[in-house]
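Visitor: my questions concern the predicted model and sequence given below.
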There are 2 protein chains.
Amino acid sequence: MLSKKIQAALAGSSAIRAMFMEGKELAAKAGVENVFDFSLGNPATPAPEAIKQAIKDLADKVDPLALHGYMPNSGFEDVRAKVAENLNSRFGTDFTWENIVMTVGAAGGINIAFKTILDPQDEVIVFAPYFGEYKNYAANFDASVVEVAPDFETFQPDLAAFEAAFSEKTKAVLVNTPNNPTGVIYSDDTMKGIARILSEKEKEYQKEIYLISDEPYRELVYDGAKENFLTKYYRNTIVGYSFSKSLSLPGERIGYLAVPNEAVDSKELLAGIEVANRTLGFVNAPSLIQKAVAACIYEKTNLDFYDKNRKVLYEGLTRLGFTCVKPQGAFYLWLKSPVEQEADFVAAAKKYNLILVKGSAFGCGGYVRLAYCIPHEKITRSLDAFAKLAKEYHLGE
Amino acid sequence: MLSKKIQAALAGSSAIRAMFMEGKELAAKAGVENVFDFSLGNPATPAPEAIKQAIKDLADKVDPLALHGYMPNSGFEDVRAKVAENLNSRFGTDFTWENIVMTVGAAGGINIAFKTILDPQDEVIVFAPYFGEYKNYAANFDASVVEVAPDFETFQPDLAAFEAAFSEKTKAVLVNTPNNPTGVIYSDDTMKGIARILSEKEKEYQKEIYLISDEPYRELVYDGAKENFLTKYYRNTIVGYSFSKSLSLPGERIGYLAVPNEAVDSKELLAGIEVANRTLGFVNAPSLIQKAVAACIYEKTNLDFYDKNRKVLYEGLTRLGFTCVKPQGAFYLWLKSPVEQEADFVAAAKKYNLILVKGSAFGCGGYVRLAYCIPHEKITRSLDAFAKLAKEYHLGE
């Protein structure tokens, strides 16, 4: 009765969402205060106060026909101009409103970028570990992902493996830095290497191969790391952005795609993206929230909130004997499972009301992901539960 | 460089959107007050005042983490419960929140319904004239539409032609009543006939065949016509709804799907829809607006606004000698082109700053569509322009 693709998707449904639902069930039983839910990237630091004021001002002052009405499928021109100006001032780009398409979150953005460029059987190279939904997004267009294993020391992409992953079917390479799930920031060397190999492969295969940059965590960087913007490395880059994390608006589904003029046939690409946005059923990004994020484009999230969690969690877990990748950005911590089958470790953790997500959901078994975007007191209290879990595995003994 | 599907979509892009953009260009030249833009279904009567108040109250009173945060992919449970209760009270259904999935508009809803049930090569029967995007929506899932010609007297579906349109590949039938573009309401007899034939075909082909009801205009009915709700006719019905017209929120992209318990494997179908919503990249309907429409669920649009336009336009055009289908619902008027090639008529109309959309965009050449959801004074002033157009074609002489 259901389509074959949806039957398959149901069978292998999102491990993140499944753990989120398990966490909700556990909270109903054990009390929400006793459950340490590290499953979902749902920011626990609120949207900036300015968002509230912007929403109220827009409701009060803007003609509702303009505020809630249709606009061009790519979004309000003034909103796109503000996004362009913001990027230009921060990254030295030279965008105008025409380089920007407002989207229904980054998930919507990546899907319309995929729809615009992917034909059936095309391949998209992804770097493991990676957000598992990418596989579904490629499958939407009868394309598939090709996984490249990481360097297991640094969790930077393995560039030799990357070079070997290309085929005639490669149409795009998807990067996500700061990375979900590892918290690693791809280094300047990594990005230069990726760009170099992409340029060589474009020549070898005589066609455009796109770098798609999924950047919801762009601003979430720690220890003095600089925010990066990837169009400077490679011309055929499509940037997908979301305000979900930077302004704590994940439920609002608001983001954008940016396509630089340097991309081959940039205008045609943008026209294709606009049509894809419409025909895939998004039509346009939600109107009021478009205007709200434009009004708050220079607002920042409370980075200290995450940084404090990051330090306490990383130090605490390391002290307990867990092996963790030190997070440099985003709000995820990547922890090596003490046993090969990390599903067993996830199950053991659940006994202590610790909700983790297994690494195999990100194409990288033997690890688990912790989303530390939760209240700080939960982080500190969770360490007692982690201590029991560590003891169960005889860690730090 | 672009995918083949998007290349094709760009070539045959939306005639409605194209005319909307032409109208904008013409307005820039001739002055917005001098252009009579009947192209787009963009309500010119504002959202009810209660929407503004609801948005401000939500911003003031609801914890921003809850207001802008993730929720289950199918939407906030309290919002879905309010939608269910509203439908139950009006149509005698027995929905709970579990029968409702909040969606990114009806376009998002139809797409995830399609993704949930359509396999490649499947066919969806549509009744001409029909919203041209349906073709793109089916193509998203490598399915296609099969057009059924109308009865050209009444613009009700031709049931004999409908019966003949089925094949082994038929997976769904899509209806849209009150209809875009004709303004016709499918009669009780029509709906009973469609349901009867569907039931027979389900038996004949030994499988579920879905009735998908696209209902953005459900509440826009005139002359004492009653609002209809199609689950009462046929069990395997999926209702797609949008608040775009009923609350004048087209830019906000907010709607829902409703699946009755009577549908075969209803729970599985709803689970599939939830996964499709996530994996196609919608993730969830925008959060603040979900809560705003729930707070305003019993609000009504200004129906008199449209009714007044309807009467003046229909009477005016008829008096001038044009042949029109009398609109019963929605906010469209379907006018017979005085010449066979209605594109010529559309071009002639443009000379008088009248922006119309050709019927062939709706799978029905020889007609044009007028969206009369524009300010009333524009309607009255447009009649002078239509008079000149009528004269050019020697109508009413």
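Guide: Here it is on my side, so go on. Numbers count the residues shown, from 1 in each chain, chains lettered A, B, ... in the order given.
Visitor: any part of the helix or strand bottoming out on mean pLDDT in chain A near chain B?
Guide: Lowest on mean pLDDT, DSSP states H and E among the helices and strands of chain A sits helix A:15-30, with a mean of 83. Yes - Helix A:15-30 comes into contact with chain B (C-beta under 8 Å from any C-beta of the partner chain), by way of A:17, A:21. Yep, even glycine has a C-beta here, placed from its N, CA and C like the rest.
Visitor: can you name the next helix or strand after that helix?
Guide: Note on helix A:15-30: by DSSP states H and E, the next helix or strand toward the C-terminus is strand A:36-37.
Visitor: tell me which residues in the helix or strand following that following strand are buried?
Guide: Counting by DSSP H and E, the next helix or strand C-terminal to strand A:36-37 is helix A:49-61. Buried residues in helix A:49-61, defined by neighbour count with 16 or more other C-beta atoms under 10 Å in any protein chain shown: A:51-52, A:54-59.
Visitor: just put those in a markdown table and tack on pLDDT.
Guide: Shown next, in a markdown table, are the buried residues of helix A:49-61 (pLDDT from 0 to 100):
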| residue | pLDDT |
| --- | --- |
| A:51 | 98 |
| A:52 | 98 |
| A:54 | 98 |
| A:55 | 98 |
| A:56 | 98 |
| A:57 | 98 |
| A:58 | 98 |
| A:59 | 98 |
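Visitor: would TSV of the residues you listed with distance to residue B:29 be doable?
Guide: Shown next, in TSV, are the buried residues of helix A:49-61 (distance: C-beta to C-beta, whole Å):
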residue	distance to residue B:29
A:51	38
A:52	41
A:54	34
A:55	36
A:56	37
A:57	33
A:58	30
A:59	33
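Visitor: those residues also near chain B: which ones?
Guide: A:51-52, A:55-56, A:59.
Visitor: okay if I get these as a markdown table plus distance to residue B:180?
Guide: Compiled in a markdown table, those are given as follows (distance: C-beta to C-beta, whole Å):
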| residue | distance to residue B:180 |
| --- | --- |
| A:51 | 35 |
| A:52 | 37 |
| A:55 | 31 |
| A:56 | 34 |
| A:59 | 29 |
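Visitor: give the contact list for residue A:151.
Guide: A:157-158 (C-beta atoms under 8 Å, 6 or more residues apart in numbering or on different chains).
Visitor: give me the pLDDT value at it.
Guide: Predicted confidence (pLDDT) for residue A:151: 97.
Visitor: how near is it to residue A:40?
Guide: Residue A:151 sits 28 Å away from residue A:40, going by C-beta to C-beta, to the nearest Å.
Visitor: and the stretch 101-250 of chain A, which residues reach chain B?
Guide: Counting by C-beta under 8 Å from any C-beta, the stretch 101-250 of chain A sits next to chain B at A:104-105, A:107-112, A:115-119, A:133, A:136-137, A:139-142, A:207-208, A:248-250.
Visitor: for chain A, just list every one of the helices.
Guide: Per DSSP state H, chain A carries helices over the ranges A:4-11, A:15-30, A:49-61, A:64-67, A:77-91, A:105-117, A:133-139, A:159-164, A:188-205, A:266-279, A:287-295, A:303-319, A:342-351, A:376-392.
Visitor: any idea which of those helices is most buried?
Guide: helix A:105-117 (a mean of 29; mean count of other C-beta atoms under 10 Å in any protein chain shown).
Visitor: show me what that one packs onto, helices and strands only.
Guide: strand A:100-103, helix A:133-139, strand A:170-175, strand A:210-214, strand A:237-242, strand A:255-258, helix A:266-279, helix B:4-11 (3 or more C-beta pairs under 8 Å, 6 or more residues apart in numbering or on different chains; DSSP states H and E).
Visitor: low-scoring stretches of chain A, by residue?
Guide: A:13 (pLDDT under 70).
Visitor: now for residue A:168, how many residues are close by?
Guide: Residues near residue A:168, counting by other C-beta atoms under 10 Å in any protein chain shown, number 11.
Visitor: right, and it touches residue A:204 too?
Guide: No - look at residue A:168 against residue A:204 with C-beta atoms under 8 Å: they stay out of range, at 9.6 Å.
Visitor: how about the residues of the stretch 251-397 of chain A near chain B?
Guide: Checking the stretch 251-397 of chain A against chain B by C-beta under 8 Å from any C-beta, the hits are A:251-254, A:264-265, A:268-269, A:271-272, A:275-276, A:278-289.
Visitor: one more pass at 10 Å, please.
Guide: Within the stretch 251-397 of chain A, the positions lying close to chain B (C-beta under 10 Å from any C-beta of the partner chain) are A:251-254, A:263-265, A:268-269, A:271-276, A:278-292, A:375.
Visitor: residue in the stretch 101-250 of chain A nearest to chain B?
Guide: residue A:111 (3.5 Å; C-beta to the nearest C-beta).
Visitor: next up, the contacts around that residue.
Guide: A:103-105, A:133, A:136-138, A:140-141, A:240, A:276-277, A:280, A:282, B:279-282 (C-beta atoms under 10 Å, 6 or more residues apart in numbering or on different chains).
Visitor: do residue A:164 as well
Guide: A:148, A:158.
Visitor: pretty sure residue A:189 is touching residue A:156, no?
Guide: Yes - applying C-beta atoms under 10 Å as the test, residue A:189 and residue A:156 come out as touching, 8.3 Å apart.
Visitor: still on that earlier bit, got the helices of chain A as TSV, with distance to residue B:370 columns?
Guide: Formatted as TSV, the helices of chain A follow (distance: least, C-beta to C-beta, whole Å):
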stretch	distance to residue B:370
helix A:4-11	39
helix A:15-30	45
helix A:49-61	31
helix A:64-67	19
helix A:77-91	27
helix A:105-117	31
helix A:133-139	39
helix A:159-164	56
helix A:188-205	49
helix A:266-279	22
helix A:287-295	25
helix A:303-319	53
helix A:342-351	59
helix A:376-392	58
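Visitor: excluding its backbone neighbours, what's nearest the spatially most central residue of chain A?
Guide: Central residue of chain A (C-alpha atoms, centre = their mean): residue A:216, 4.8 Å from the mean position. Nearest non-adjacent residue to residue A:216, counting by C-beta to C-beta, 6 or more residues apart in numbering or on different chains: residue A:242, 4.1 Å away.
Visitor: you'd agree residue A:317 is up against residue A:354?
Guide: No - between residue A:317 and residue A:354 there is no contact under C-beta under 10 Å: 11.2 Å.
Visitor: still on that earlier bit, which of the helices of chain A sits closest to residue A:335?
Guide: For residue A:335, the closest of the helices of chain A is helix A:303-319, at 6.6 Å, according to C-beta to C-beta.
Visitor: ok, now which ones touch the residue nearest to residue A:57 when sequence neighbours are not counted?
Guide: Closest residue in space to residue A:57, ignoring its immediate chain neighbours: residue A:295 at 7.5 Å, by C-beta to C-beta, 6+ apart. Counting by C-beta under 10 Å, 6+ apart, residue A:295 touches A:50-51, A:53-55, A:57-58, A:79, A:82.
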